[in-house]
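Engineer: got a predicted structure plus its sequence, pasted below:
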Amino acid sequence: MRLFTRKISARLSTRRRSRVAAPAVLIVALLATGGLVAVLSPASADKASSDAATIAKGRALFAVSCSSCHGSNAEGVTTERGNNYGPSLIGVGAAAVDFQVGTGRMPMAQPGAQAMQKAPVFNSDEIAALAAYVASLGPGPSIPTADQYDGSGVTNAQMVQGGEFFRTNCTACHNFAGSGGALPKGKYAPALKGVSSKHIFEAMLTGPQQMPVFSNGVLSPLDKKEIIAYLKTNESAPSYGGFTLGSIGPVSEGMFAWLVGIGSLVGAGIWITSGTSRKKKTTTKGADA
Amino acid sequence: MSAPAASNGTTPAATAKPNPAGAIANWADERLGIATSAKKQIRKVFPDHWSFMLGEIALWSFVILLLTGVFLSLWFNPSMGEVVYNGSYDQLRGIHMSEAYASTLHISFDVRAGLLMRQMHHWAAMLFIAAMLVHMMRVFLTGAFRKPRELNWIIGGVLLLLGILEGFAGYSLPDDLLSGTGLRIADGLVKATPVLGSYMSFFMFGGEFPGDQIIPRLYTAHVLLIPGLILALIAAHMLLLVYHKHTQWPGPGRTEQNVVGYPMMPVYAAKAGGFFFIVFGVVALMGGLMTINPVWRFGPYNPAEVTAGSQPDWYMGIAEGLLRIMPGWETHIWGITLSWNVFLPGQVAPMVLLGIVLGYPFIEQWVTGDKREHHLLERPRNAPTRTAFLAAMISVYGLLWAAGGNDILATQFHLDLNTITYFMRGAIFIVPPLVFIIAKRWCISLQRHDNDMLLHGYESGVIMRDADGGYSEKHLPLSEEHAYRLTARNRDQVYTGVSGADANGVEAPNARVDQLRARLSKAWFASNVQKPTKEELEEGHHHAELEHEHEVPLEGHAADGHQFDGRHDVVGDDLTHKH
C-alpha cells in the first residue's frame, strides 16, 4: 500500500510541472464545486420568493436576528406608550428588506435617531431568504431587476431629465452633489456617492428611514432610472474645478479661504518683512510684541 | 582717485551718454512737473513689520479681482432671458435656463481658462474680505485707529461693508440654484421691513420675486457702482495713509514725531511689488486646484427647488447664523405680520454691528478721554480691555458662522442639528463674556510678566544652588533696547469725573453722563498693570547688581559644585575650579 501511494505520488510529481497541470486541476476543482453546489443548494435565485424552503430559511434567520424588535411574526412591537419599537414588516415587500439588510442598516447596531449604514451582516443568499420570507407575509414592492435600475443605457436627454427630477425631489435633503444633508433631531440624509444603483432604486421605491416613498405612481420606474443615470454620470465625471473640498457648499470653501489663503499669505508677509537689518540687530532674548 | 590733469585736454568736454530712462523721466517732468512731488514720495519711509502687510493682501486681491473680473465680463451675459442650454456640459444640455446661467456655464466649460478665471475671481473675493478683516483686527489691536486716524478707520469700515455687498452681488449673478436661494433670503430680509417690506421687495425685483430684473440690476452694481466706490475709497484710504504717515512700533529712536523704516524706492516698492506676485500666485494656485462654487452642479435657479447645504459665502455667515438661531417670533397686529424673527437678525443686528465698528474710535475716546495724537502703536497686552473686546467679538463672529453652518456641522461631525442650534442660542450670550474675562486677565498677566522682566531681568536658565542647598534661577538684565520697547508706553489715567456740587452748590449739568463715563473709565483701566516707576527700576537694578556678584567667579569656568555641598566652610573660598 505504502509502495502504491509512493508510486502515484512519484508519478504525479513528475507530471506536476507539466504545462497543462495547473489548468487541469483548476477545471476539475471548478467542475466538482459547481456540481456540488447544483446538487446541494436548495433552489435557484429566480424561484426564491416562491420556494417554501427559502422562506423557511428566511423565517429562521428572521427569528434569530429580527424578531426581537419586529415581533416573532413580523407584526411589529409597540411600546407601552404606543410608539413603534420596531414597525410591522407585513406588506413592506422584498425591496425594503433587500435595501435595509443589503446596505447593513438592518439589523441595527443600536437604537438611535437613524439606522446607520455599515458592512452587511448577511450574505446575498441570506438576504434573499429574508426578503422571500417578508415578501411572503403580504404583497409589497419586489426587488427591481437590472434592466429597471441600470441607468447606463439611457440617452443623454433622459439623463438630463433625471437631473431635473433630482433637483426637484432629492437635493433638498441629499445636497446638490448628493453629499448628504442634516435633518432634525440627529437624523440625516445619507451621501449618495458609492451607493449601488439597485439600492438607490429600492430606496426611492420603499422610502427607508426618514425618506418619503417615491412610488412608481409618483416617479415612474423610467424616471427613477433617469435619476440614477444622472447620479452615476456625475460620479464618473471628472472634478472640473480641482479638489472638491467635500462638495458641501460655501462653508468648506470659506474654511479653506482662511486656512490656505490667508494662512499662506500671512506667512508670506512674515517672510517678506523678516531678515531685515532691524531684525538682525535684535539679538536680545524675549518675546517681541 | 584719478591723477590730476597735467594740462588742458585736447578733446572738448562732452556730456555723459544719455540714459534712456533718465531721458524719459526728463521728458515727463518737463511736461508734468512730477519730479518735485515724486522726489519726496519715493523717499517716503515705511516701517517694517509683518502685521503691516495684511492690508496689502486686501489691496492686491482687489487688483486680481479687477483683472479677472474684466476677463469674465467679456463673456458673461447679465440677462434673465430664457434660453435652452446647448453647450458642452452634458448633464445640463437641453435645460431651460437664464442667459446669465448659460453664459456662466459657457465661461466654465467653453472659454479657454474661463473656469480658472472664475475660480480665481471667487477665491480672490473671499481673500479680499478676509484680508480686510485681518487688517482691521491688526489696526484695532494696536490702537492704530486712534487720533488722527479715526476717519481712515471709518473709511476702512465702509470698505469692508462695500466689499461684503460686492461679494453678495457677485455671488448672486450666475443665477444658479445656490445664488437664487441667496437672493430669496435677501428678498425675505427686505420683506421683513414693517409695513414697507412688500413694496420695497417689488421695487427691488421689479415685481414678484424673482422677476426678470434683478440680475441686470445687480450686474450694474457689481461691475460699476460698488467697484467705483471701493476704488475711490481705497484712494482716499491710501492718501490718508501717506498724509498721516504710517504708524510704527515703539523702539529706540522711534518717536511720535518720526517714522523709522525703509524708503519707498527701492526697498518698499520691491517688497510690495513682490508681495503682489505672491498674492497672485496663491490665488492662481487656489483657482487652479480648489473647486469654488461649482455652479454646474447646482443647476439653474428654480424657485421650486432648493439644495441642502445652501449657505452664503463665509463673510455673510454671521447673518446666516443670526437668522438660523433666532426663535420664530412674530406679531400679528391690525392685519399685518411683524416678522421679528427676520427683522431683528436680518436688519437690526447688522446695523448695530456696523454702528459699533464705525463708532468704536469715538466710543473709546470718550471713555478714556484720550484725545492726543498717536503714531506709536500700542501692544495688545497694554490695552487689555480693548484686546479682550476684540477677542469677544471674534468669538461672536465664530459662533455665528458656526451657527450658520449648523447643518454642515451636523453632517460632518455626526451631531444633532437641533442641539447645535439650542447650544448656539445660549453660547452667543455666555461665551463672549467668558472670552472677554479670560483675554483681559491674560493681557494683565502678560503685563505683569513684562514688569517682572524689567525689574528682575529675564530667566537665564542657569540654576544656582546656594549654601543651604536651595535652588534659584539666575535672572539677567534685559538689553536696553528691549527694556525701552517694554517701557515705551503711557501710564493709564482713570477718569474720575466731577463729584458732587461745586463751591457754589451747583450740580454739574451733565453729572449723570459724567458719572457713567467715570465708571466706564474705571472698568477700562483700573486693573491694568502700569509700567514700573524710575525708583522701582533703580531698585531692581541694584538688586540685580547684587546678584551679579555671584556671576563673577563663574565666568570662564564652570563651578564644580563642591563649594556649596556643606562639607567645608565656603567663606573665603575663591570658588574657582581647583584642578
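Structural biologist: Everything's here; your move.

Engineer: spell out which parts of the stretch 1-150 of chain A neighbour chain B.
Structural biologist: Selection of the stretch 1-150 of chain A residues close to chain B by Cβ under 8 Å from any Cβ of the partner chain yields A:Ala113. C-beta: built from backbone N, CA, C; applies to glycine.

Engineer: can you give me the strands for the stretch 1-150 of chain A?
Structural biologist: Taking DSSP state E, counting those that start in this stretch as the test, the strands found in the stretch 1-150 of chain A are A:77-78, A:84-86.

Engineer: lowest average pLDDT across those?
Structural biologist: Mean pLDDT is lowest for strand A:84-86 among those, at a mean of 85.

Engineer: if we can go back for a sec, any chance of a markdown table for the strands of the stretch 1-150 of chain A, columns mean neighbour count?
Structural biologist: Below are these laid out as a markdown table (neighbours: other Cβ atoms under 10 Å in any protein chain shown):
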| stretch | mean neighbour count |
| --- | --- |
| strand A:77-78 | 15 |
| strand A:84-86 | 15 |
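
Engineer: out of those, which is closest to B:Trp366?
Structural biologist: Relative to B:Trp366, the nearest member of the strands of the stretch 1-150 of chain A by Cβ to Cβ is strand A:84-86, separated by 63.9 Å.

Engineer: what distance separates that closest one from the centre of its chain?
Structural biologist: When distances are taken as Cα atoms, centre = their mean, to the nearest Å, strand A:84-86 is centred 24 Å away from the chain's centroid.

Engineer: contact partners of that strand?
Structural biologist: Counting by Cβ atoms under 8 Å, 6 or more residues apart in numbering or on different chains, the neighbours of strand A:84-86 from elsewhere in the structure are A:Cys66, A:Ser68, A:Cys69, A:His70, A:Gly71, A:Gly76, A:Val77, A:Thr78, A:Thr79.

Engineer: ok, of those residues, which one's closest to chain B?
Structural biologist: Each of those was checked against chain B using Cβ to the nearest Cβ; the closest is A:Thr79, at 21.7 Å.

Engineer: which single residue in the stretch 51-200 of chain A comes nearest to chain B?
Structural biologist: Taking Cβ to the nearest Cβ, the stretch 51-200 of chain A has A:Gly181 as its residue nearest chain B, at 2.7 Å.

Engineer: and the spatially closest residue to that residue that is not a sequence neighbour, how many neighbours?
Structural biologist: The shortest distance from A:Gly181 to any non-neighbouring residue, by Cβ to Cβ, 6 or more residues apart in numbering or on different chains, is to B:Ala308 (2.7 Å). Here the neighbour count serves as a burial measure; for B:Ala308 (other Cβ atoms under 10 Å in any protein chain shown) it reads 25.

Engineer: can you tell me how far B:Ala308 is from A:Pro87?
Structural biologist: Remark: distance between B:Ala308 and A:Pro87 (Cβ to Cβ, to the nearest Å) = 26 Å.

Engineer: A:Thr79 too?
Structural biologist: Taking Cβ to Cβ as the measure, A:Thr79 falls 12 Å from A:Pro87.

Engineer: tell me where the model's unsure across the stretch 401-550 of chain B.
Structural biologist: Within the stretch 401-550 of chain B, the set of residues satisfying pLDDT under 70 comprises B:498-501, B:544-550.

Engineer: can you list the residues of it near chain A?
Structural biologist: Within the stretch 401-550 of chain B, the positions adjacent to chain A are B:401, B:404-408, B:410-412, B:415-419, B:453, B:458, B:478-479, B:481-482, B:485 by Cβ under 8 Å from any Cβ.

Engineer: got the contact list for stretch A:220-228?
Structural biologist: With Cβ under 8 Å, 6+ apart as the contact definition, stretch A:220-228 has outside contacts at A:144, A:148-151, A:154, A:158-159, A:161-162, A:165-166, A:169-170, A:197, A:200-201, A:204-205, A:214, A:219.

Engineer: out of those residues, which sit inside helices?
Structural biologist: Counting by DSSP state H, these place A:148-149, A:158-159, A:161-162, A:165-166, A:169, A:197, A:200-201, A:204-205 in helices.

Engineer: look at the spatially most central residue of chain A and tell me its secondary structure.
Structural biologist: Of all residues in chain A, the one closest to the mean position by Cα atoms, centre = their mean is A:Val195, 4.3 Å from it. Recorded secondary structure, A:Val195: coil (DSSP: H, G, I helix; E, B strand; the rest coil).

Engineer: that one and B:Leu196, how far apart?
Structural biologist: From A:Val195 across to B:Leu196, the span is 49 Å (Cβ to Cβ).

Engineer: then B:Ser73?
Structural biologist: When distances are taken as Cβ to Cβ, B:Ser73 and B:Leu196 turn out to be 34 Å apart.

Engineer: B:Arg217 too?
Structural biologist: Here B:Arg217 is placed at a distance of 19 Å from B:Leu196 (Cβ to Cβ).

Engineer: hang on, the earlier thing: go ahead and build a ChimeraX selection from the buried members of the residues of the stretch 401-550 of chain B next to chain A.
Structural biologist: Below is the selection syntax for ChimeraX that covers the buried ones among these, with 16 or more other Cβ atoms under 10 Å in any protein chain shown defining burial:
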select /B:401,404,405,406,407,408,410,411,412,415,416,417,453,458,478,482,485
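
Engineer: which ones among the residues of the stretch 401-550 of chain B next to chain A map onto helices?
Structural biologist: Secondary structure assignment by DSSP H places B:401, B:404, B:406-408, B:410-412, B:417-419, B:453, B:481-482, B:485 of these in helices.

Engineer: just to revisit the earlier point, who has more neighbours, B:Arg217 and B:Leu196?
Structural biologist: For B:Arg217 and B:Leu196, the more surrounded residue by other Cβ under 10 Å is B:Arg217, and the numbers stand at 15 against 11.

Engineer: hmm, B:Tyr89 and B:Trp296 touching each other?
Structural biologist: Yes - in terms of Cβ atoms under 8 Å, B:Trp296 counts as a neighbour of B:Tyr89; the distance is 5.5 Å.

Engineer: higher neighbour count, these two?
Structural biologist: More crowded of B:Trp296 and B:Tyr89, by other Cβ under 10 Å: B:Trp296, with 22 against 17.

Engineer: list the contacts for the residue nearest to A:Gly181?
Structural biologist: Residues in contact with B:Ala308 (Cβ under 8 Å, 6+ apart) are A:Thr171, A:Ala172, A:Cys173, A:His174, A:Asn175, A:Phe176, A:Gly180, A:Gly181, A:Ala182, A:Ala189, B:Asp407.

Engineer: now those: which count as buried?
Structural biologist: Buried by 16+ other Cβ under 10 Å: A:Thr171, A:Ala172, A:Cys173, A:His174, A:Asn175, A:Phe176, A:Gly180, A:Gly181, A:Ala182, A:Ala189, B:Asp407, out of the contacts of B:Ala308.

Engineer: restricted to helices, list those residues.
Structural biologist: Short answer: the buried ones among the contacts of B:Ala308 in helices (DSSP H) are A:Thr171, A:Ala172, A:Cys173, A:His174, B:Asp407.

Engineer: which single one of the residues you listed is nearest to B:Val282?
Structural biologist: For those, the closest approach to B:Val282 (Cβ to Cβ) belongs to B:Asp407, at 29.8 Å.
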